[in-house]
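1. How does the following fold in three dimensions:
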Amino acid sequence: MTSRGRIMRTAFMTLGLMASAPASAQSLEGVDRPAGEAKPVGYLPKETVDYRLIVGPPPAPDSLVDRIDMSISRRFQAEVDAERWQTAQLDNKTVYPRFVEAFGRPIDRQHSPRLIRLLNRVMRDAADPVWNGKEVFQRPRPYQRYQLTRRCGSSPIPAPDPAPRGGSSYPSGHSVYGWATALLLAEVAPDRAAAVLERGRDYALSRVVCGYHFPSDTEAARAIAAAVLTRLHGDPAFHADLKAAQAEHGAPAVPVPKAARKPVEAQAD
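-> Residues are numbered from 1 along each chain as shown. From the prediction side, this is the model:
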């Protein structure tokens, strides 16, 4: 990975995974972690999930799909009401707290430490293929291609680049975190599945409203998140943590697939 890519990934992880701990206690992974405690790590080795087997390249510039992407982006920029714009701005700042209402319970270290452990480890796995794809595809973001009327978390609005040579629009980082979160919460609390999945779709839409992504960026991210979760279901450590989160929540535990029925090695939290 290039130094530029490492800087961008760190910035997104810092922004995207903040749980509802006090600001002074927030870490890169969004956990109120005691001093000296190890950082969360993913369940899977790096590059276990190959983005090239899940998504193709982004739409070619000025292709029909690209023009549709651009048209939808412009309409959401211009036409969403004040309430939806505020939702998008809040979605831009955090991930887990934005699912609390749909989930029906707090999602933080104090109230659901096992769930936070599960989420943070999966976010590491979800980030890997997305950032590998960003580095290769280099799709310019909407604000690089046309003049936005507004952009979440940014003032003044940047002028577009007359000849953008690269960017990090495809796939969407926030969207992979949001959809992976929604899929996990749906398994932890099946009775809330409809609400959290709808919140996950709406969370991805916020990336378009904010002016950071095109619709095809978010669709690719959701496909990658689903593939990561599918792969994780064959991992015994993931299943152990999923069962722990379900027990913490009070939901019935899901059966462990035969492929995952083997001893679980101890993992640092």
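2. hang on, residue 44 packs against residue 235?
-> Yes: using Cβ atoms under 8 Å, residue 44 is in contact with residue 235, at 6.7 Å. Using the backbone N, CA and C atoms, a C-beta is placed for each residue, glycine as well.
3. Just give me the residue right at the centre of this structure.
-> residue 177 (1.3 Å; Cα atoms, centre = their mean).
4. Would you quantify the distance from that one to residue 218?
-> With the distance defined as Cβ to Cβ, to the nearest Å, residue 177 ends up 11 Å from residue 218.
5. Report the rounded mean pLDDT for whichever strand or helix holds residue 75.
-> When elements are assigned from DSSP states H and E, residue 75 belongs to helix 64-79. Helix 64-79 carries an average pLDDT of 95.
6. can you pull the buried residues of that helix?
-> In terms of neighbour count (16 or more other Cβ atoms under 10 Å), helix 64-79 has its buried residues at 66, 69, 70, 73, 74, 76, 77.
7. what's the nearest residue to the fifth one if we skip its chain neighbours?
-> Think residue 74. Closest residue to residue 74 apart from its sequence neighbours, by Cβ to Cβ, 6 or more residues apart in numbering: residue 146 at 6.9 Å.
8. now the second one
-> Closest residue in space to residue 69, ignoring its immediate chain neighbours: residue 214 at 3.9 Å, by Cβ to Cβ, 6+ apart.
9. Count the residues that sit near that neighbour.
-> For residue 214, the count of nearby residues is 27 (other Cβ atoms under 10 Å).
10. ok, it - contacts?
-> Counting by Cβ atoms under 8 Å, 6 or more residues apart in numbering, residue 214 touches 58, 69, 70, 72, 73, 139, 142, 169, 170, 208.
11. tilt between the helix or strand in which the last one is found and helix 64-79?
-> Read it as residue 208. Assigned by DSSP H and E, residue 208 belongs to helix 193-209. With axes from the mean of the first three to the mean of the last three Cα atoms, to 10 degrees defining the directions, helix 193-209 sits at 90 degrees from helix 64-79.
12. And helix 193-209, what does it pack against?
-> Taking 3 or more Cβ pairs under 8 Å, 6 or more residues apart in numbering; DSSP states H and E as contact, the helices and strands that helix 193-209 lies on are helix 64-79, helix 82-93, helix 100-103, helix 173-188, helix 215-232.
13. What mean pLDDT does that helix get?
-> On average, the pLDDT along helix 193-209 is 98.
14. same question, stretch 213-227
-> Stretch 213-227 comes out with an average pLDDT of 98.
15. Which of the residues in stretch 155-172 are classified as buried?
-> For stretch 155-172, a neighbour-count test (16+ other Cβ under 10 Å) marks 160, 164, 167, 168, 169, 170, 171, 172 as buried.
16. can you check stretch 82-90 too?
-> For stretch 82-90, the neighbour count (16+ other Cβ under 10 Å) marks 85, 87, 88, 89 as buried.
17. Pull the contacting residues for the first one.
-> Applying Cβ under 8 Å, 6+ apart to residue 85 gives the contacts 150, 209.
18. Just name the closest of the buried residues of stretch 155-172 to residue 110, please.
-> Each of the buried residues of stretch 155-172 was checked against residue 110 using Cβ to Cβ; the closest is residue 172, at 29.7 Å.
19. Correct me if wrong: the closest one contacts residue 218.
-> Yes: counting by Cβ under 8 Å, residue 218 is a contact partner of residue 172 at 4.8 Å.
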